[in-house]
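Trainee: Fold the following and give me the result.
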Amino acid sequence: LGATGITDGGITELATGCCQLKSIDLMRTGVTDAGVCSLATNCRQLSSIDLEETRITDGAVMALVTGCLELEHIDLSASDITDASLMALANGCPKLKEVCLYPDADEDFHQMSVTDAAVEALRNSHGGTVVHT
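Mentor: Reported below is the predicted structural model:
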């Protein structure tokens, strides 16, 4: 679904109809926290989600941390997250293996508000989560 016109409404329909969903690519879509919260509530087996260049915030990440305990991979590159998201992932996703936090190459989209200390805390979590920056 990456780089499509899918909306929060479409994601909600998908989430309620596909509760066994394990992986989803929402890169460069208009999906917001509302759509991601619907996934977190309905798709508890989700293990991989790509949210690169979306308008999600810490609220979406918090929902994923509490709702998707199978989460192993998340791409938050060029999104509107802060250290709060990284700390939640570090403390709340026991199976997390990989996180992508690349900045926006064009610098015309989002600039993440994360510190080196939070990135390092995430790297040191769960036996060594791989963090791409």
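Trainee: can we go C-alpha only for contacts and neighbour counts from here?
Mentor: OK.
Trainee: where does the chain dip in pLDDT?
Mentor: 105-111 (pLDDT under 70).
Trainee: Okay, strands next: where are they in it?
Mentor: 23-25, 48-50, 73-75, 98-100, 130-132 (DSSP state E).
Trainee: Tell me the spacing between Ala121 and Asp83.
Mentor: Here the criterion is Cα to Cα, to the nearest Å. By it, Ala121 lies 10 Å from Asp83.
Trainee: again with Arg44
Mentor: To Asp83, Arg44 is 24 Å away according to Cα to Cα.
Trainee: Excluding chain neighbours, what is closest to Gly67?
Mentor: Nearest residue to Gly67, sequence neighbours excluded (Cα to Cα, 6 or more residues apart in numbering): Ala40, at 4.8 Å.
Trainee: Touching, that neighbour and Ala63? I think so.
Mentor: Yes - if you go by Cα atoms under 8 Å, Ala40 and Ala63 touch, sitting 5.8 Å apart.
Trainee: Counting neighbours, go ahead and name the busier of these two.
Mentor: Ala40 (24 against 19; other Cα atoms under 10 Å).
Trainee: Ala34 versus the more buried one, what's the distance?
Mentor: 10 Å.
Trainee: How about Thr7?
Mentor: As for Thr7, its distance to Ala34 is 10 Å (criterion: Cα to Cα).
Trainee: go on, Ala118?
Mentor: With Cα to Cα as the criterion, Ala118 and Ala34 are 25 Å apart.
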